[in-house]
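Student: Sequence plus the predicted model coming up.
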Amino acid sequence: MHKCKFDKVKCRVDEKCQFSDSIDKIALHEENCPEKLVSCFFRKNGCTELVKKKNQKKHEDTCIFQEISCTDCGIKMTLKELEVHSLFCSQKNKCPKCHLPITSHTHDCINDLLKEVIRLRESRAILEYENTQLKLKQKTLEELLKSNVQKEEEKSSKH
């Protein structure tokens, strides 16, 4: 039996959908049918949920695979990853003004920054000393290597 392109046909996406239209227009509806199963937008982040198009936004608003940024450090991750990340975030409990860790209820930016400057200067002095010691060791090793190479060259030239 031949069907006219103006005949009304019912949506074939889901029996709950009562939409009907002409044969030449039904495909457009079926592509956007609210009852159509679609993948979550956050599939690229690991979500495997298939939801009806009409529920897609609601699901994506609460999806554990949605991408968010940590409010402490700004790193992007999924909502699922945030719980573990927040336990170890390097910026957690840092002062928003001076960015130093808040270690007591009496945090004082000025005094704590001065203490940090002193600590960093001491660390720098230690590192400079260690660097000097390493340079001396390097120089000694280079001289030893040069001496050994000369001895080997002398041996090989005698043969």
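Tutor: Alright, I've got the coordinates.
Student: so how many other residues sit close to Cys40?
Tutor: The tally of other residues near Cys40 (other Cβ atoms under 10 Å) stands at 19. Quick note: C-beta positions are derived from backbone N, CA and C, even for glycine.
Student: Could you say which helix or strand holds the nearest residue to it once chain neighbours are set aside?
Tutor: Nearest non-adjacent residue to Cys40, counting by Cβ to Cβ, 6 or more residues apart in numbering: Cys47, 4.2 Å away. Cys47 belongs to no helix or strand when assigned by DSSP states H and E.
Student: so who does Cys47 touch?
Tutor: 39-40, 63-65 (Cβ atoms under 8 Å, 6 or more residues apart in numbering).
Student: now with 7 Å?
Tutor: For Cys47, the contact set (Cβ atoms under 7 Å, 6 or more residues apart in numbering) comprises 40, 63, 65.
Student: Now pLDDT and secondary structure too, for the residues you listed, in TSV please.
Tutor: What follows is these, written out as TSV (pLDDT from 0 to 100; DSSP: H, G, I helix; E, B strand; the rest coil):
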residue	pLDDT	secondary structure
Cys40	94	coil
Cys63	95	coil
Phe65	95	coil
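Student: Dump those to CSV, plus distance to Gly74.
Tutor: Output for the contacts of Cys47, formatted as CSV (distance: Cβ to Cβ, whole Å):
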residue, distance to Gly74
Cys40, 25
Cys63, 21
Phe65, 19
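Student: just the residues you listed now: which is nearest Ile26?
Tutor: Taking Cβ to Cβ as the measure, Ile26 lies nearest Cys40 of the contacts of Cys47, at 26.0 Å.
Student: The closest one and Lys16, how far apart?
Tutor: From Cys40 over to Lys16 the distance is 21 Å, taken as Cβ to Cβ, to the nearest Å.
Student: Cool, thanks, talk later.
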